[in-house]
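*Asks:* Got a predicted model here, sequence first, then my questions.
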Amino acid sequence: RKEVEQDPGPFNVPEGATVAFNCTYSNSASQSFFWYRQDCRKEPKLLMSVYSSGNEDGRFTAQLNRASQYISLLIRDSKLSDSATYLCVVKILTGGGNKLTFGTGTQLKVEL
Amino acid sequence: SQTIHQWPATLVQPVGSPLSLECTVEGTSNPNLYWYRQAAGRGLQLLFYSVGIGQISSEVPQNLSASRPQDRQFILSSKKLLLSDSGFYLCAWRDLGQGKETQYFGPGTRLLVL
């Protein structure tokens, strides 16, 4: 089983739609959670952290369910510029420091 | 503000040739530094990380090595490239001083081994 699993998509949605991605993780010792965005042939960029109580940043809402070990990202009122691959990322604290495990990403295509 | 540089941006190398990719960070000191590889259609794989000068931890056995000769410089090397070394190589940093819990990536080097 992969440490972090995501549906690869693609999710093709019309502009203005609401879309949700889920991600599951296998290590119950995971401490911190993030969503990154990666545009085609570019480096991943931090989109938002995911807090236990859930958090919102504009049109983006992240949720964490520790009991079920899944994380979600909700995008409201999708824009064309939201088209990208969204990476679910989990941090596990080890003796060597901050180690992140990345999912393979979910591809989103927002269309006119 | 902190910035991270990588070069070259793209590289085409023959099998068996050596490799040297460089990453430098500006605007911070004593950062944790990381090398990742992203193969086509796959997730990011952590290759090496460094918590200080001369300190390298390897995550997976492979054809690559890393060095940290200066506080803000991280180098990825190979003596003889394999076809399987092709991929998108990303350097990342985490500044302990900021108390940030995540990592920030450089622009990456796209390597094609032929």
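*Replies:* In hand now; what should we look at?

*Asks:* Below-threshold pLDDT in chain A: ranges please.
*Replies:* Chain A contains residues with pLDDT under 70 at A:94-98.

*Asks:* What parts of it come near chain B?
*Replies:* A:4, A:32, A:34, A:41-46, A:49, A:87, A:89, A:91, A:96-100, A:102-105 (C-beta under 8 Å from any C-beta of the partner chain). (C-beta placed from N, C-alpha, C; glycine too.)

*Asks:* Just those residues: which are in strands?
*Replies:* A:4, A:32, A:34, A:44-46, A:49, A:87, A:89, A:91, A:97-100, A:102 (DSSP state E).

*Asks:* Emit the PyMOL select command for whichever of the residues of chain A next to chain B are buried.
*Replies:* Buried members of these, defined by 16 or more other C-beta atoms under 10 Å in any protein chain shown, are picked up in PyMOL with:
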select buried, chain A and resi 4+32+34+43+44+46+49+87+89+91+98+99+100+102+103+104+105
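
*Asks:* thinking again about what came up before, the ones in strands among the residues of chain A next to chain B: which two are farthest apart?
*Replies:* A:Lys45 and A:Gly97 (21.4 Å; C-beta to C-beta).

*Asks:* Out of the ones in strands among the residues of chain A next to chain B, which is nearest to B:Ile56?
*Replies:* Of all those, A:Gly97 has the smallest distance to B:Ile56: 12.7 Å, by C-beta to C-beta.

*Asks:* Three-state assignment for the residue nearest the centre of chain B, please.
*Replies:* With distances taken as C-alpha atoms, centre = their mean, the residue of chain B nearest its centroid is B:Trp35 (3.1 Å). Following DSSP: H, G, I helix; E, B strand; the rest coil, the label given to B:Trp35 is strand.
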